[in-house]
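Trainee: return a 3D structure for these sequence lines:
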Amino acid sequence: MNNSTYIDPLFVWERTVSPTGLMIYRGDQFPAQYKGKLFQVLFGPTFQEGTSDITKRIVMSDMINEGLETKFDFEDFLVYEKVEIGNPLDITEGPDGSIYFTDIFQGKIFKISYVGI
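Mentor: This is a model prediction of the structure:
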């Protein structure tokens, strides 16, 4: 923008999505590479060009500080498609270190635990 009246956003979605809840993972239930990652719940079109599918997803990113700027490089953590009704609303870390997210239209709370490979 280069307008001193406004502060530029940290991140701009190039396609229409509905960002809702977010959290920074600090637990020990997932491997160390997940600690400090930013998790965000989204509802909107897929990131693939040429598709119009609506998906519900959780993305994660490192927050990369470069001087006065913070950069994000989001990648999919969880995608659930073809669900008749659903809109992920919020995400949080539970006391057990698992990740929990809510779906407003299904009226459910989902738990994500790491089980290893």
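Trainee: in the sheet, who's paired with the residue nearest the centre of the chain?
Mentor: Closest to where the C-alpha atoms of the chain average out (Cα atoms, centre = their mean) is Gln40, at 2.1 Å. When assigned by DSSP bridges, Gln40 has beta-bridge partners Leu22, Val59.
Trainee: close enough to count as contact, it and Leu22?
Mentor: Yes. Taking Cβ atoms under 8 Å as the contact criterion, Gln40 and Leu22 are neighbours in contact, 4.3 Å apart. All C-beta atoms are positioned from the backbone trio N, CA, C, and that covers glycine.
Trainee: find residues that contact each of those two.
Mentor: Taking Cβ atoms under 8 Å, 6 or more residues apart in numbering as the contact definition, Gln40 and Leu22 share the neighbouring residues Ile91.
Trainee: can you show me the helices along the protein?
Mentor: Shown for the chain, no helices are assigned by DSSP state H.
Trainee: in it, where is pLDDT below threshold?
Mentor: Of all residues in the chain, those with pLDDT under 70 make up the ranges 1-2, 11-19, 44-55, 81-86, 117.
Trainee: just the strands in it please.
Mentor: Per DSSP state E, the chain carries strands over the ranges 18-24, 38-45, 54-61, 63-66, 69-72, 75-80, 88-93, 99-103, 108-112.
Trainee: go through those strands and name the closest to Leu10.
Mentor: With respect to Leu10, and counting by Cβ to Cβ, the nearest of the strands of the chain is strand 69-72 at 5.3 Å.
Trainee: pipe the strands of the chain into TSV and attach distance to Ala32 per row.
Mentor: Formatted as TSV, the strands of the chain follow (distance: least, Cβ to Cβ, whole Å):
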stretch	distance to Ala32
strand 18-24	14
strand 38-45	16
strand 54-61	14
strand 63-66	16
strand 69-72	20
strand 75-80	16
strand 88-93	15
strand 99-103	15
strand 108-112	17
